[in-house]
Structures are given as C-alpha cells and as structure tokens.
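> Attaching a predicted model along with its sequence, questions to come.
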Protein chains: 2
Amino acid sequence: MRVASINGWQDVQAEVLRRLHERLWKPGDLLPSEADLAAEFGCARTTVNRALQAIADEGLLERRRRGGTRVVVNPERRATFNIPLIRLEIEQLQREYGYRLLKRRQQRPSKAVRERMLVDAEASIVSLRALHTADEKPYVLEKRWIDLAVVPAAADADFSVQSPNEWLVEHVPFSGGDLVLSAQSASDEDAEALSCEKGAALFMAERRTRNTQDATITVVQLVYAPGYRMAIDL
Amino acid sequence: MRVASINGWQDVQAEVLRRLHERLWKPGDLLPSEADLAAEFGCARTTVNRALQAIADEGLLERRRRGGTRVVVNPERRATFNIPLIRLEIEQLQREYGYRLLKRRQQRPSKAVRERMLVDAEASIVSLRALHTADEKPYVLEKRWIDLAVVPAAADADFSVQSPNEWLVEHVPFSGGDLVLSAQSASDEDAEALSCEKGAALFMAERRTRNTQDATITVVQLVYAPGYRMAIDL
DNA sequence: GTTGCCAATATGTTCATACATATTGACTTT
DNA sequence: AAAGTCAATATGTATGAACATATTGGCAAC
C-alpha cells in the first residue's frame, strides 16, 4: 500500500498534489471520479470533494459536472499577495515609520484625474500629497485623490496626523478596485519629494477603490523610492 | 424579515458580506457563533461554516477555535493574479506573438547569478537571452539561467524555436518559488534589445522556481519594454 | 443525416450527527 | 498571588444520505 494513512481532506490533498507533481496524472489527464478516489483512500466522497475543490481553487485542476476532474494544461501560476498598510510594511522591516502631509487642495479634477477616477468635470476632489518615511528617509510618495461626492467626510478630515489610507480604511466601507503596477521615470516633483535624481526608475502602484455602488471612492498612486522591491510568494 | 431566502452557502456568504460592508459588524467585532447564525438563517451549521471559511480565506474574517469569528481590523487587501505565459499574454491583446533567441551560453555562474540561484561556483549553468515581440515590436526581454544539475535535459533543448518558459513548463515538474517586482533603469543591453533609450524606466519581474526538493531550477528576469503596466484585479 | 429527448453520470451542495481540538475562563491548589 | 486543573465552548472536520444540476452520449423521430 502506498498511502500510509488518509484521515482528513488535507491528507487527500497532499496525496493528489504528490501525484500531480510526480506527473502520475499529467496535464490534460482525467482523474478518477470522486467516488473511486474515496473508495481507494477509504474515506467519504465529501472528503475527496473538499480536497479536490481546494486544489481546483489553486488553479491546478479543472472540474466540470459530469465531465469529471481534469489536470489543467497550462498551470497558470496564481500569486496571492497582501497589500499592507505602508506603516505596517515599514514597521515590519524594523524601521521607524514617519509620515508627512506635503500638500492638500480641494479642486475640480484635471483631465488626467477625471480619466483615472471616472468622474465628470464638476466633481469636487480632494487632492493630496504625502510622504511616508522609513528611518527618516523617503520611502514612498503618496498621491491621492478623493471624491467628496462619495466621501463627504473627507473634507473635514485631518490628514496631517493620520495618512489618508488609514483614515479611509477606518471611515469608509469599500469593496472592490483594481491595481496597476508599472515603472515610471521620476518627475521633478517625485525627485524632490523622494530625494532622488530626476529620471530615476521608480516603482509605482496605482490603485482605484470603489464602493458597493461601484462609484470611485479614491485613486492613489504610490511612488516608491529607488530600489524598492515588491516581494511575492507563490 | 430582512433576509429574503437563504438557501445555499453562497447566500449566507452574500448576506455576511453585506453586513460587513454596511458596517453592521465592524472591524474587531465578534460575530455570532456559527450555531446562532445557522439558527437565524434557517440552515445547517455546515452551511454557515462553508460561507465563513470562504470569507476568512479572502482575509476579511479571522477565525479561532473557541475564540469565535472576528472581523479583521486591517482588512489587508489580498490580490490574486495569474502569471500567464508571455505568448498567451500577447495573444490575448490581439497582437502577433514573436520570439527570438538572442544568446545562449553554458558557463560557471557569476557571483551575481550565484546569489540569485543559491548555487556554488562549480555549478553548470545555461544562460539565455531571448526577446518576445508583439506585432514585431519588442515586448519583453527574458534573461534566464537554468541549473543543469537540476535539469540536465536543458543542455540539449532547442530554445531557438520554443521559449525556455514553455519548454520548462512542459518538461519539468516544479512546485514553489518567489517573485520580485521592481523598476530598473535600462542598461546598454536592455536598451539595445528593447529598442529604447538607455536609462529608461523598465518594469522588471524576477522569478525563482524551485522543485520539490527545494533546489533552484531556474531564475528568470523579465524586463518589459517601457510603458508596460501589470494590471491586477482585487 | 439532423434534430430532439432521455437516461446515465460526475460534480455541487445541503443536512443531521458525531467527534476532534484549541482556547477560554472559572475554580482549585500551592 | 501564581500556577495548575478542568469543564464549557466555538470552530474544524468526517460521514452517509439525499437531492440538485450540468453534461455527455446514445437512441429515436423526423
């Protein structure tokens, strides 16, 4: 007997994963039915189901009713990573976190901002610039725009002590959004705020957050100081 | 009665999510026990369990035995994204995919490569440079190193017709790895291969792939042409 | 041959029950 | 007080049974 002892669904998952890695079941292959596997492993079909579901969620298996369970051909690696609060990210590096509000204006959106936020020209927007530092050194420049029509309370919020991100997390329920990562050359503004050369290669994350009614709450550009690396576990 | 009809676990999940978004249950709050919720929703505890597990997997709830289910304080947004084959990524943009092997050498690793691959100086490494094009224009420069001790077959593989990535996916079972995203200034080599200015800001993804024995199979640096944006759904 | 229908089948999901396990908190002992 | 003990409790998980649902493939009607 190959299988030492299959008790829980995690054991089933481990065994199935082993067979996948060993290429005993190759990409494109059809797996035995849940019932057969349950019989082989000596457990309930429910248990096998749980295990296969978990693997399918990871993207390694494809399951269809009546069609059975199939090994995915191009196992697209799916990475999941967290987007922490900047403060926590810095503190986790054992460095001292600092925050400074550089600029705050309330205005009509420019064309560029309108496109990013999907709002019209009459919208009232709070525009912010803030710098997060690690051990007194510039870590990331935060450029943020908040739609006052969606978050009226932002007009009176004091962003000089608490970063917009933390304020928003605390005060506004949000649901979805999207994230775009890119590389940008440092503009004059970036270079001054981050104390780096103009034209330096900067890592940028732009994030749009929507509420449950699908209205844009806020858009933020995080422009990191040169040398920043975003690590992701696979 | 607020709840129209709770049949399946997805309904329970939706209702719980609604209450989280509405801040009926605030960050830090303790939820009612599974049994209580099951009673309220008129379904089995198993069903509630399934729903809460799913939400916890998304990172919005924290569950501990005996401790109950708690709303996470800082709902770290967790993003999941796929890392497609470059060919598929380009084809999905409705552009014509092209591939060209620029250089191939078999050598001892340099110090930089040793650090990245965690191998010693006597290792035998296949070093590759390849260019992926979209509509004939440079899309991404692939710099790859393969450890022949781990993948002997790579010595005889013909990478002039098939990209290393696709060859590896087909021939080598792998399990884990890590990924680092960053911004880099274009080196002379980068500028020439990607037909861009030297010093331009380039988006780079560096990926290390390990096999089941935790040995480094391959390290790849993907240096994208200027303007590349990596989009991620949240 | 083409179309339409039906039965077989594999996964999806619910349910009640039972037991496992971690953790809390009260109570007891030192 | 401090430390140890133990029962109560909420989640974690297994099970068998049942029904739901999608999909396949064959058979029949046209």
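Thanks, I have the structure now. Note that the coordinates shown come from a computational prediction; the quantities given were computed from them, not determined experimentally.
> Every contact and neighbour count from this point should use C-alpha atoms.
Noted.
> quick check: domain ranges of chain A?
A:9-71, A:86-224 (automatic domain parsing).
> Give me the distance from the last one to the chain's centre.
A distance of 16 Å separates the centroid of the chain from that of domain A:86-224, by C-alpha atoms, centre = their mean, to the nearest Å.
> do it and chain B meet?
Yes. On the criterion C-alpha under 8 Å from any C-alpha of the partner chain, domain A:86-224 is in touch with chain B at A:169, A:173-185, A:199-203, A:212.
> now, which of these lie within strands?
A:176-185, A:201-203 (DSSP state E).
> If we look just around DNA strand C, which residues of chain A are in range?
A:31-35, A:46, A:49, A:53, A:63-69 (C-alpha under 7 Å from any atom of the strand).
> what's the distance between residue A:102 and residue A:134?
16 Å (C-alpha to C-alpha, to the nearest Å).
> can you give me the strands in chain A?
According to DSSP E, the strands that chain A contains are A:61-64, A:68-71, A:77-83, A:97-107, A:125-134, A:137-147, A:176-185, A:201-210, A:216-224, A:229-233.
> Serialize the ones you listed to CSV and add fields for distance to DNA strand D, mean neighbour count and mean pLDDT.
What follows is these, written out as CSV (distance: least, C-alpha to the nearest atom of the strand, whole Å; neighbours: other C-alpha atoms under 10 Å in any protein chain shown; pLDDT from 0 to 100):
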stretch, distance to DNA strand D, mean neighbour count, mean pLDDT
strand A:61-64, 6, 17, 95
strand A:68-71, 9, 18, 95
strand A:77-83, 20, 15, 71
strand A:97-107, 33, 15, 95
strand A:125-134, 36, 22, 96
strand A:137-147, 36, 23, 96
strand A:176-185, 25, 20, 91
strand A:201-210, 29, 23, 94
strand A:216-224, 32, 24, 94
strand A:229-233, 22, 15, 87
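> Figure out which of these is closest to residue A:42.
strand A:68-71 (19.2 Å; C-alpha to C-alpha).
> hey, C-alpha coordinates of the closest one in PDB?
Provided in PDB are the C-alpha atoms of strand A:68-71 (Å, rounded to 0.1, in the frame of the first residue of the first chain):
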ATOM      1  CA  GLY A  68     -15.000  14.900 -14.300                       C
ATOM      2  CA  THR A  69     -11.800  16.400 -12.900                       C
ATOM      3  CA  ARG A  70      -9.000  17.200 -15.300                       C
ATOM      4  CA  VAL A  71      -5.400  18.300 -14.800                       C
END
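> when you scan that strand, is anything in it near chain B?
No. Strand A:68-71 does not reach chain B (C-alpha under 8 Å from any C-alpha); its nearest approach is 13.3 Å.
> what residues does that strand touch?
A:25-33, A:60-63 (C-alpha atoms under 8 Å, 6 or more residues apart in numbering or on different chains).
> What is the nearest of those residues to residue B:84?
Using C-alpha to C-alpha, these come closest to residue B:84 at residue A:60, 13.6 Å.
> How about the residue in chain A that DNA strand D sits nearest to: what's its closest non-neighbour residue?
Nearest residue of chain A to DNA strand D, counting by C-alpha to the nearest atom of the strand: residue A:8, 2.2 Å away. Nearest non-adjacent residue to residue A:8, counting by C-alpha to C-alpha, 6 or more residues apart in numbering or on different chains: residue A:47, 7.0 Å away.
> So which of the contacts of strand A:68-71 wins on neighbours?
Greatest neighbour count in the contacts of strand A:68-71, by other C-alpha atoms under 10 Å in any protein chain shown, goes to residue A:61: 23 neighbours.
> In contact with that residue, which residues?
By C-alpha under 8 Å, 6+ apart, the contact set of residue A:61 is A:52, A:55, A:69, A:70, A:71, A:72.
> Next: residue A:29.
Contacts of residue A:29 (C-alpha under 8 Å, 6+ apart): A:70, A:71.
> Same question for the one 4 residues further on.
Residue A:33 makes contact with A:68, A:69, according to C-alpha under 8 Å, 6+ apart.
> What about residue A:40, how many residues nearby?
By other C-alpha under 10 Å, 12 other residues sit near residue A:40.
> wait, I meant residue A:42
Quick note: residue A:42 (other C-alpha under 10 Å) scores 13 neighbours.
> Show the model's pLDDT score for it.
Note for residue A:42: predicted pLDDT of 94.
> is it true that it touches residue A:11?
No. Taking contacts as C-alpha atoms under 8 Å, residue A:42 lies outside contact range of residue A:11: 11.8 Å.
> Pull up the overlap in contacts between those two.
Contact with both residue A:42 and residue A:11 is made by no residue, according to C-alpha under 8 Å, 6+ apart.
> The nearest residue to residue A:98 once chain neighbours are set aside and residue B:71: what is the separation?
Counting by C-alpha to C-alpha, 6+ apart, residue A:98 lies nearest to residue A:133, which is 4.7 Å off, once chain neighbours are set aside. Per C-alpha to C-alpha, residue A:133 is found 29 Å from residue B:71.
> For residue B:113, which of the strands of chain A is the nearest?
Closest of the strands of chain A to residue B:113 is strand A:229-233, at 17.9 Å (criterion: C-alpha to C-alpha).
> in its sheet, what does that closest one sit against?
Strand A:229-233 has the following strand partners under DSSP bridges: strand B:176-185 (antiparallel).
> Any figure for the gap between the residue nearest to residue A:135 when sequence neighbours are not counted and DNA strand C?
Excluding the flanking residues, the one nearest residue A:135 by C-alpha to C-alpha, 6+ apart is residue A:96, at 4.7 Å. Distance of residue A:96 to DNA strand C, computed by C-alpha to the nearest atom of the strand, to the nearest Å: 30 Å.
> So what sits opposite the residue nearest to residue A:176 when sequence neighbours are not counted in the bridge?
Distances taken as C-alpha to C-alpha, 6+ apart put residue A:210 closest to residue A:176, at 5.3 Å, once the chain neighbours are dropped. Listed by DSSP bridges, the beta-bridge partners for residue A:210 are residue A:176, residue A:216.
> wait, isn't residue A:210 in contact with residue A:179?
No. Residue A:210 is beyond contact range of residue A:179, at 11.7 Å (criterion: C-alpha under 8 Å).
> Now stretch A:37-55: buried residues?
If you call a residue buried by 16 or more other C-alpha atoms under 10 Å in any protein chain shown, then stretch A:37-55 has these buried ones: A:37-38, A:41, A:43, A:45, A:47-55.
> Quick check: helices, which of those residues are part of them?
A:37-38, A:41, A:45, A:47-55 (DSSP state H).
> Would you format those residues as TSV with distance to DNA strand D included?
Output for those, formatted as TSV (distance: C-alpha to the nearest atom of the strand, whole Å):
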residue	distance to DNA strand D
A:37	11
A:38	8
A:41	9
A:45	7
A:47	5
A:48	8
A:49	9
A:50	7
A:51	8
A:52	11
A:53	12
A:54	11
A:55	14
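> Please report how far the residue nearest to residue A:176 lies from residue A:216.
Distance from residue A:210 to residue A:216, by C-alpha to C-alpha: 4 Å.
> got it, and residue A:44?
47 Å.
> Repeat that for residue A:25.
Applying C-alpha to C-alpha, the value for residue A:25 to residue A:216 is 46 Å.
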